[in-house]
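1. below are the sequence and a predicted model; questions follow.
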Amino acid sequence: MQSGLGKTNKWILEFKTKDPTKNPLMGWESSSDTLTELKLEFSTKELAINYAKKKKIVYEIIEPRKRKTVKKSYADNFLK
């Protein structure tokens, strides 16, 4: 299995659910808050922060973690 790096250079602004409720019939979590369906993408972190400040949105920055890659050849799968 491979994890690619495509489309990982964007910053996303997501809204938290304000009033989560549980559906009594199916047990699904639902909400009447439609902002949770909205995701805004920005090319830089500064643009996302400026937008949040301009619209007076309380925000939390979650920095991406550094990926640790182990380089090995295909033959290493058979050498044990």
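-> Structure's in. What do you need?
2. how many other residues sit next to the residue found closest to residue 38 once you drop the neighbours it is linked to in the chain?
-> Leaving aside its chain neighbours, residue 38 sits nearest to residue 15 (6.1 Å; criterion: Cβ to Cβ, 6 or more residues apart in numbering). C-betas here are computed from N, CA, C, even on glycine. By other Cβ atoms under 10 Å, the residues close to residue 15 number 14.
3. same thing with the one 10 residues further on?
-> A count of nearby residues for residue 25, using other Cβ under 10 Å, gives 6.
4. now name the helix or strand holding it.
-> For residue 25, there is no enclosing helix or strand under DSSP states H and E.
5. residue contacts, it?
-> With Cβ atoms under 8 Å, 6 or more residues apart in numbering as the criterion, no residue contacts residue 25.
6. from residue 62, how far out is it?
-> Applying Cβ to Cβ, to the nearest Å, the value for residue 25 to residue 62 is 34 Å.
7. and if you look at residue 50?
-> Distance, residue 50 to residue 62, using Cβ to Cβ: 17 Å.
8. with residue 54 instead?
-> Per Cβ to Cβ, residue 54 is found 20 Å from residue 62.
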